[in-house]
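Visitor: Okay, here's the prediction I keep looking at, along with the sequence it came from:
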Amino acid sequence: MRWVLPLLIWCSLVAALARPIWVGEPVRLPAEGRDLMLAVDISGSMDTADMVLNDKNVNRLTVVKKVVDEFISARDGDRIGLILFGSNAYLQSPLTFDRETVRTFMQESALGLAGPKTSIGDAVALGVKRMRDNPAGNQVIVLLTDGTNTAGNIEPLRAADLAAELGVKVYSIGLGADSMKVPNFFGSRTVNPSRDLDEATLQTLAERTGGRFFRARNTEELNQIYDLIDELEPTERDKKVYRPERDVFFWPLAFALCLSALLLVTLRWPGLFEKILQPLQKAMPQRSDES
């Protein structure tokens, strides 16, 4: 009997080391959808307050957050990824069916987080790379920017060629109003806040990939992205069944820890359990010998 506890502890530890898993009920993944990589400009110029939202002047990034959030929410069945770019381009979220996570990342984006400049070519090239790593039938990059390529290692049109080779469409959207009033010494003057927007490059970039260029001067025009995505043909996917898995190794590990504590108690006070069990043994009915 003295080997029972050590044996049980050893068996529990072996079971924990085997890392048992719990397999849940099967979950059917969407059978069709699109692969959409959103590339969003968060450079310093996105702070320009030339947009109107709910009758208030707001900066460009505020409007983009609202429109993109609604766009992601409506894309049931699509795999969506997010790239944020400024002086550098960063993959904020890989292609995923988890729309809530992508929405959260978009809402948490901040001006200047990726640097003050604009690396359009790097953003598109990064999107193409992620599409190449996750091939599918219909892949689209939606590029949102308000400027021209002023940073990065890859020129936008070179990135467009890479996208065209892989069959990835790029839909580019140029953001920014054509005019806005700014205060000066004599009161105010009208300026063009989008004078740095390189529409020609954005249009060529889109056309080389079979996509389309959009000019968004206000919130209403930016919502054209919905019409654009609705026009895309869904990607046919093989129907897959996913069974969620969860580690349960902590149960045998916890059992081993409890038994170890029990073993330590028995070694420290050898007669303790006999004293505890004596009243129980006396209370049990004694079996009489049959004659």
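Guide: Nice, thanks for sending it over. Numbering: from 1, shown residues only.

Visitor: what bits of the stretch 1-150 of the chain have low per-residue confidence?
Guide: 1-3, 5, 27-33, 136-137 (pLDDT under 70).

Visitor: In it, what residue spans correspond to strands?
Guide: When assigned using DSSP state E, counting those that start in this stretch, the strands of the stretch 1-150 of the chain occupy the ranges 21-23, 27-28, 32-33, 35-41, 51-53, 56-58, 79-85, 89-96, 139-145.

Visitor: what bridges to the nearest residue to Val168 once chain neighbours are set aside?
Guide: For Val168, ignoring the flanking residues on the chain, the nearest one in space by C-beta to C-beta, 6 or more residues apart in numbering is Gln139 at 4.7 Å. For every residue, glycine as well, the C-beta is placed using N, CA and C. Beta-bridge partners of Gln139, counted by DSSP bridges, are Asp35.

Visitor: could you list every residue that touches Gln139?
Guide: Counting by C-beta atoms under 8 Å, 6 or more residues apart in numbering, Gln139 touches 34-35, 37, 131, 166-169, 235.

Visitor: Next: Phe214.
Guide: Per C-beta under 8 Å, 6+ apart, neighbours of Phe214: 171-174, 221, 224-225, 228.

Visitor: Show me what counts as buried in stretch 250-264.
Guide: 252, 255-256, 259-260, 263 (16 or more other C-beta atoms under 10 Å).

Visitor: Which ones among those residues map onto helices?
Guide: Secondary structure from DSSP state H places 252, 255-256, 259-260, 263 of these in helices.

Visitor: From these, pick the one nearest Arg217.
Guide: Among these, Pro252 lies closest to Arg217 (C-beta to C-beta), at 63.2 Å.

Visitor: just checking, that closest one touches Trp10?
Guide: No. Between Pro252 and Trp10 there is no contact under C-beta atoms under 8 Å: 11.1 Å.

Visitor: shaky segments in the stretch 151-291 of the chain?
Guide: In the stretch 151-291 of the chain (pLDDT under 70), the answer is 233-242, 270-291.

Visitor: rewinding a little: top of the contacts of Gln139 by neighbour count?
Guide: Met37 (28 neighbours; other C-beta atoms under 10 Å).

Visitor: Check the spacing between that one and Glu165 real quick.
Guide: 16 Å (C-beta to C-beta, to the nearest Å).

Visitor: Could you do Asp227 as well?
Guide: Distance from Asp227 to Glu165, by C-beta to C-beta: 28 Å.

Visitor: what's the answer for Val142, then?
Guide: Distance from Val142 to Glu165, by C-beta to C-beta: 19 Å.
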